[in-house]
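Enquirer: this one's sequence-less:
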């Protein structure tokens with residue numbers, strides 16, 4: 001019993017309709033993904049269904065007897081003093097109260113009450129399980145809580161962990177109607193995947209809002225898309241919905257084109273024959289026909305415009321200046337909070353120019369701490385970290401909205417955070433690029449949503465001209481279309497990138513390598529997120545899995561002689577290739593240095609006081625640039641040859 005029926009639901013905000021005349025039904029086993037751009041009313045719809053907000057008109061009917069599970073927005077003061085496990089368990093009926101009633105009924109020999117309580121016990125056990133305490137611990141562990149945190153006061157938990165606690169309590173309730181608003185926010189990869197499995201096994205009705213594309217595709221059985229034309233429920237995954245929508249859009253475009261062509265053809269006839277007596281009546285008839293077709297075309301264009309509504313974040317980060325070969329270096333880096341040991345062992349690493357690296361580890365392993373050390377927000381307790389002298393760093397954090405001055409206007413705040421040399425037109429243009437157009441310029445920052453604040457901060461990154469971006473959960477608070485715009489921009493970014501994210505789509509599309517931070521320091525996955533993910537799921541040590549080595553067959557003298565000859569052949573092939581590679585590498589370093597010197601001279605305004613010298617300098621720069629590309633191509637070819645020979649050597653050693 002968990003059917004939800006929505007009929008003619010309408011809700012407006014500030015004079016603008018969020019949704020109008022919305023009708024649909026959610027039945028048991030259906031997992032409805034509510035999607036659409038920020039501000040289209042997704043969270044409001046869940047609040048209306050949960051009964052925490054009124055609709056303007058229409059009805060919400062939840063089948064009688066259904067229990068609704070919805071995450072409340074804020075903790076009350078008295079809740080904060082509860083310990084975590086007790087508060088989560090308090091969502092269930094009190095068994096102590098039940099047994100007290102049972103003992104009283106037995107003492108009175110009240111057989112009717114005993115029978116009634118027996119039914120109640122069976123109902124409790126069927127709904128909440130035989131061991132609610134065990135179930136609560138399982139859910140909390142799945143969401144990433146450690147055993148020791150079960151008995152912490154909620155007040156001691158950070159904002160992200162408090163959100164997890166709310167989610168745990170709702171999941172324990174055994175509700176048959178679940179309403180989840182961005183449940184993956186604040187969860188690490190393991191917790192997101194645990195939640196996916198939990199919801200895939202949920203038998204009730206589920207409505208959820210999420211901007212994680214992989215989560216949407218895995219969990220949703222249906223999609224309700226708000227914010228573009230008339231909303232309707234479509235069966236299938238989110239990707240299937242996008243394919244259907246794209247085909248609809250193409251079909252609509254073809255209809256508009258075809259009808260426009262027919263109108264033009266008829267109008268051409270009217271222009272030619274309107275003044276001729278014999279054809280005038282016919283021309284007049286065609287005018288009426290054209291008027292009908294134009295009315296039809298107008299309706300089609302209106303539908304087309306609605307289907308394109310809700311701008312998509314789409315931008316390309318500016319070409320950054322060339323930074324140092326080593327963008328970030330760390331030597332014996334340690335950090336510890338007061339009275340505690342170092343978060344991780346001494347870290348030694350170099351991040352090279354142009355690399356795109358994702359830091360991975362469970363929550364609490366120190367990823368964000370490391371980023372804060374690199375950006376200078378924290379001071380190391382041992383060793384040091386250094387950013388290259390020619391490297392311009394820009395930092396984005398999921399908590400960075402705290403740096404915004406909320407009483408400032410949007411245009412005033414971007415002016416405060418950016419280079420004062422930038423013109424008003426440049427600032428306005430970039431705000432428009434990040435979907436914060438003219439209607440936002442004079443709006444107070446305090447009036448912005450979480451997603452709008454994130455886009456404002458991203459706009460400052462765009463204007464920074466940085467050649468090193470350090471990002472901590474950059475897609476949090478962004479809707480799915482804005483996320484995809486950011487992913488596309490980061491994929492094409494030509495600078496250096498170091499980032500932390502639990503967004504699997506971002507990780508898979510952007511990270512060239514994953515550096516997994518653990519108790520022993522870094523484990524590097526050169527195969528990117530797919531390799532890291534596969535190893536994480538199998539709990540494998542990817543560099544050298546500990547497996548039983550099969551016994552090797554004994555080799556004959558002839559086999560040994562043949563192997564020795566092959567080894568020598570491979571060594572003779574490899575030696576000159578390595579020597580040539582080292583020579584090219586040395587030459588590349590010299591040319592890169594020369595290029596940096598030429599860039600410095602070209603950036604000096606005095607150079608252009610002598611046009612002949614400037615032209616000569618420009619020619620030299622192009623020659624060096626061309627030669628660098630040539631060297632890199634040759635080195636790439638050598639790398640492929642060397643790798644091929646090394647693979648032959650490995651096969652030979654395995655025999």
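Expert: Received, thanks. This is a predicted model, so every value here is computed, not measured.

Enquirer: wait, what's in contact with the nearest residue to residue 320 once chain neighbours are set aside?
Expert: Leaving aside its chain neighbours, residue 320 sits nearest to residue 467 (3.7 Å; criterion: C-beta to C-beta, 6 or more residues apart in numbering). Placement of C-beta: from N, CA and C, glycine included. Residues near residue 467 by C-beta atoms under 8 Å, 6 or more residues apart in numbering: 320-323, 327, 353, 391-392, 495-496.

Enquirer: same thing with residue 493?
Expert: Neighbouring residues of residue 493 by C-beta under 8 Å, 6+ apart: 317, 320, 356, 469.

Enquirer: try it again at 10 Å.
Expert: The contact partners of residue 493, by C-beta atoms under 10 Å, 6 or more residues apart in numbering, come to 316-320, 354, 356, 466-467, 469, 510.

Enquirer: check which element follows the strand or helix carrying residue 288 along the chain.
Expert: Residue 288 belongs to helix 277-307 when assigned by DSSP states H and E. Counting by DSSP H and E, the next helix or strand C-terminal to helix 277-307 is strand 326-334.

Enquirer: now that following strand, how far from the centre of its chain.
Expert: Here the centre of strand 326-334 is set off from its chain's centre by 27 Å, with C-alpha atoms, centre = their mean, to the nearest Å.

Enquirer: quick check: buried residues in it?
Expert: 327-330, 333-334 (16 or more other C-beta atoms under 10 Å).

Enquirer: which elements pack onto it?
Expert: In terms of contacts (3 or more C-beta pairs under 10 Å, 6 or more residues apart in numbering; DSSP states H and E), strand 326-334 is packed against strand 347-352, helix 367-375, strand 382-387, strand 468-472, strand 496-500.

Enquirer: and of these, who's closest to residue 83?
Expert: helix 367-375 (26.0 Å; C-beta to C-beta).

Enquirer: what angle do the closest one and strand 326-334 make?
Expert: With axes from the mean of the first three to the mean of the last three C-alpha atoms, to 10 degrees applied, the angle from helix 367-375 to strand 326-334 works out at 120 degrees.

Enquirer: show me what helix 367-375 is packed against.
Expert: When contacts are defined as 3+ C-beta pairs under 10 Å, 6+ apart, helix 367-375 packs onto strand 326-334, strand 347-352, strand 356-360, strand 382-387, strand 393-397, strand 468-472, strand 496-500, strand 513-518.

Enquirer: now with 6 Å?
Expert: Packing partners of helix 367-375 (3 or more C-beta pairs under 6 Å, 6 or more residues apart in numbering; DSSP states H and E): strand 468-472.

Enquirer: what's the average pLDDT for the strand it packs on?
Expert: Averaged across strand 468-472, the pLDDT comes to 93.

Enquirer: show me which of the contacts of residue 493 are buried.
Expert: Taking 16+ other C-beta under 10 Å as the criterion, what is buried in the contacts of residue 493 is 317, 320, 354, 356, 466-467, 469, 510.

Enquirer: and the closest residue to residue 648 other than its chain neighbours, helix, strand or coil?
Expert: Nearest non-adjacent residue to residue 648, counting by C-beta to C-beta, 6+ apart: residue 570, 5.8 Å away. At residue 570 the chain is in helix, as set by DSSP: H, G, I helix; E, B strand; the rest coil.

Enquirer: quick one: neighbours of residue 570, just the number.
Expert: Using other C-beta atoms under 10 Å, residue 570 has 15 neighbouring residues.

Enquirer: I figured it was touching residue 649, is that so?
Expert: Yes - in this structure residue 570 lies within contact range of residue 649 using C-beta atoms under 6 Å: 5.4 Å.

Enquirer: re the thing from before, closest to residue 213 out of the contacts of residue 493?
Expert: Residue 213 has its nearest neighbour among the contacts of residue 493 in residue 510, at 13.5 Å by C-beta to C-beta.
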